[in-house]
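*Asks:* okay, sequence plus prediction incoming.
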Amino acid sequence: DDGMPGMVLIPRSVSGYRFTAWGVEVEGGCDVDKDPEYRVCCNDTCSFFALKHPYPGRNCQCAIPCKDDRGVDVQFPWEDMPRRNHQKVLDLGPFYIDQYPVTRRQYQDYLRESEYHPRDPRGFLPEWNVSGDLVYSFPENTGNLPVTGVSLQEAEGYCRFYRKRLPMTYEWQYAAQGLDGRRYPWGNDTTRIGAACPKPEHPTKGEPWSGPHEVSAFDEEGGRSPFNVSDLVGNVWQWTGSVFVDNHTRAAVVRGASSYVPLLANAFPTIPNLISWYFQPALELDKHNKLLLQQPSYDRASTLGFRCVKDVAGGAPAPYHYR
């Protein structure tokens with residue numbers, strides 16, 4: 001956008017944005033009555049428990065059917081309890097959002113400008129070079145990769161330094177989905193996975209993960225959203241500002257999924273399946289996952305990056321950024 005270089009203006013959803021999202025946790029109930037299309041609930045044709053679709057076939061990652069889904073996933077401000085399925089018509093925007101996730105080059109510039117140094121560097125900027133005086137530099141020819149290995153606080157700090165913030169999960173989804181309820185930024189065509197976004201990989205022992213890819217790698221193949229936002233799904237997970245705290249835990253919603261999907265192979269006679277029991281993929285725009293937060297060195301991951309948003313005059317007010 002000419003008014004905010006590197007960012008895209010997302011217009012106000014005057015008619016209302018229908019936010020619909022499911023948490024993808026395996027454990028905890030999944031009410032089929034609320035999920036008639038089996039978006040996340042297991043059914044008799046797709047259940048990894050029944051081994052109906054063993055590797056290398058369809059990924060039948062799904063949640064256990066049960067009427068009681070209280071306490072699963074997160075509780076948004078308009079809800080009376082945590083639940084797996086979330087639906088709400090929201091009046092969002094306008095706001096700016098980064099067209100691409102923050103890149104290694106941008107983050108290196110930030111480190112130089114802000115003079116930021118982590119107190120605990122464990123897991124910080126994996127694969128980067130570090131000099132004796134703790135100057136971080138990305139490897140040659142990797143500047144256009146999404147930056148990963150930054151904690152939630154570090155992502156927030158980057159955005160704040162440039163007078164921005166992390167997007168709320170429904171803002172991220174609106175920017176990715178538009179108003180037509182599509183399941184992917186390009187539409188509903190599942191055959192575009194691998195062309196319009198990275199193809200999921202399932203490395204086994206000794207096999208490297210080829211990702212992440214450059215943030216603009218899939219622009220020419222239709223990987224942009226209706227608002228021209230890029231690299232939203234399938235490359236690296238992305239932090240959001242939707243953080244939830246209760247008496248026992250603190251968690252953040254993460255979006256977009258990574259192309260790295262572990263292959264689970266239990267003991268004989270279980271057939272290997274495409275499933276990560278504790279952190280399931282959420283490639284579709286109506287799905288999200290939540291990351292339990294501990295401390296920055298534990299929250300960093302080489303499969304997790306971020307992008308920022310910036311409020312504009314007349315936009316929805318804080319703290320939840322909807323009307």
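*Replies:* Good, I have the coordinates. Keep in mind that what you see is a predicted model, and the values were worked out from it rather than measured.

*Asks:* in this protein, which strand is the longest?
*Replies:* As assigned by DSSP state E, the longest strand anywhere in the chain is strand 237-245.

*Asks:* now do the helices in the stretch 151-300 of the chain.
*Replies:* 152-161, 169-177, 296-299 (DSSP state H, counting those that start in this stretch).

*Asks:* contacting residues for the closest residue to residue 289 other than its chain neighbours?
*Replies:* Leaving aside its chain neighbours, residue 289 sits nearest to residue 282 (4.9 Å; criterion: Cβ to Cβ, 6 or more residues apart in numbering). For glycine as for every other residue, the C-beta is placed from the backbone atoms N, C-alpha and C. Neighbouring residues of residue 282 by Cβ atoms under 8 Å, 6 or more residues apart in numbering: 24, 255, 256, 257, 288, 289.

*Asks:* recalculate using a threshold of 7 Å.
*Replies:* 24, 257, 288, 289 (Cβ atoms under 7 Å, 6 or more residues apart in numbering).

*Asks:* tally of neighbours for the third one?
*Replies:* For residue 288, the number of neighbouring residues by other Cβ atoms under 10 Å comes to 26.

*Asks:* wait, it touches residue 23, no?
*Replies:* Yes: between residue 288 and residue 23 there is a contact under Cβ atoms under 7 Å: 6.3 Å.

*Asks:* ok, and the most crowded of the contacts of residue 282?
*Replies:* residue 257 leads these on contacts (other Cβ under 10 Å) with 28 neighbours.

*Asks:* nearest to residue 75, out of the helices of the stretch 151-300 of the chain?
*Replies:* helix 169-177 (12.8 Å; Cβ to Cβ).

*Asks:* relative orientation of the closest one and strand 237-245 in degrees?
*Replies:* 150 degrees (axes from the mean of the first three to the mean of the last three Cα atoms, to 10 degrees).

*Asks:* and the contacts of helix 169-177?
*Replies:* Outside helix 169-177, the residues within contact range by Cβ under 7 Å, 6+ apart are 10, 13, 17, 19, 21, 90, 92, 95, 97, 185, 225, 227, 229, 232, 240, 242, 253, 255, 285, 288, 309, 321.

*Asks:* one more time with 6 Å, if that's ok
*Replies:* 10, 17, 19, 90, 92, 97, 185, 225, 227, 229, 232, 240, 242, 253, 255, 285 (Cβ atoms under 6 Å, 6 or more residues apart in numbering).

*Asks:* so what's residue 99 up against?
*Replies:* Contacts of residue 99 (Cβ under 6 Å, 6+ apart): 8, 229, 230.

*Asks:* Serialize those to TSV and add fields for distance to residue 43, neighbour count and pLDDT.
*Replies:* What follows is the contacts of residue 99, written out as TSV (distance: Cβ to Cβ, whole Å; neighbours: other Cβ atoms under 10 Å; pLDDT from 0 to 100):
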residue	distance to residue 43	neighbour count	pLDDT
8	38	20	97
229	33	23	97
230	34	20	97
